[in-house]
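Asks: Kindly return the folded structure for what I paste below:
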Amino acid sequence: MSHITGRPGFTRGGTLLCIMAAMAVMAAATPLAATLGDRYGGRRLSIVGCVAMGVLTVPYLVLLHRGGLPTVWACTTVLLLALITMLGVQGMYIPELFEPRLRTSGTAISYNLGAVLGGALTPLINSRLSQTRACRGPWRRIWWACAR
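Replies: Numbering: from 1, shown residues only. Below is the predicted model of the structure:
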């Protein structure tokens, strides 16, 4: 949020309101994601959400820096809908990956280990990559947008 509010015409309150409105849409879509997971399968919806997050992230960052508050709201809402498509079915999908006698510990260990590794290693990797030659040339803008 801080990199958006530094731009002319963006206030902290307006930006926060956009993000909160996008979160409200995501909260309302959570039961829909769960229903779709029941109908089409948790694995399938998780994959669709993951692919959507991967495809939409760079356009999200580009549009975030070019539009006004309505664009911030629309882009954030779309990205959060992709996120809830992936996360809304994890409570059902992850336990199905383990046989019944290992289900609880397997779910807890895999979910928390993934959160720790993803949450801790991602900023470290991004920081290191931004200092290498990979950050030069056409990728510089993408790394810059992701690091901000």
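Asks: Just give me the residue closest to the centre of this protein.
Replies: Nearest to the mean C-alpha position of the chain, by CA atoms, centre = their mean, lies Leu83 at 5.0 Å.
Asks: Run through the residues that contact that one.
Replies: The neighbours of Leu83, taking CB atoms under 8 Å, 6 or more residues apart in numbering as the test, are 26, 49, 53. C-beta coordinates here come from the backbone N, C-alpha and C atoms, glycine included.
Asks: ok, and the most crowded of these?
Replies: Taking other CB atoms under 10 Å to define a neighbour, the member of the contacts of Leu83 with the most is Gly49, carrying 22 neighbours.
Asks: That one contacts Gln90, correct?
Replies: No - the criterion here is CB atoms under 8 Å, and Gly49 misses it with Gln90 at 9.5 Å.
Asks: any idea which element the residue nearest to the centre of the chain lies in?
Replies: Under the criterion DSSP states H and E, the helix or strand holding Leu83 is helix 69-87.
Asks: The helix or strand hosting Asp38 vs helix 69-87, what angle?
Replies: Here Asp38 is covered by helix 12-40, with elements defined by DSSP H and E. If you take axes from the mean of the first three to the mean of the last three CA atoms, to 10 degrees, helix 12-40 sits at 30 degrees to helix 69-87.
Asks: So for the helix or strand that helix 12-40 is followed by, what gets flagged as buried?
Replies: The C-terminal neighbour of helix 12-40 among helices and strands, as given by DSSP H and E, is helix 42-64. Residues of helix 42-64 classed as buried under the neighbour-count rule (16 or more other CB atoms under 10 Å) are 42, 45-46, 48-49, 52-53, 56, 60-61, 63-64.
Asks: For helix 42-64, which outside residues touch it?
Replies: The list of residues contacting helix 42-64 from outside it, by CB under 8 Å, 6+ apart, reads 4, 33, 36-37, 71-72, 75-76, 78-79, 82-90, 92-93, 96, 142, 145-146.
Asks: filter those to the buried ones?
Replies: Judged by neighbour count, with 16+ other CB under 10 Å as the criterion, the buried members of these are 4, 33, 36-37, 72, 75-76, 78-79, 82-90, 92-93, 145.
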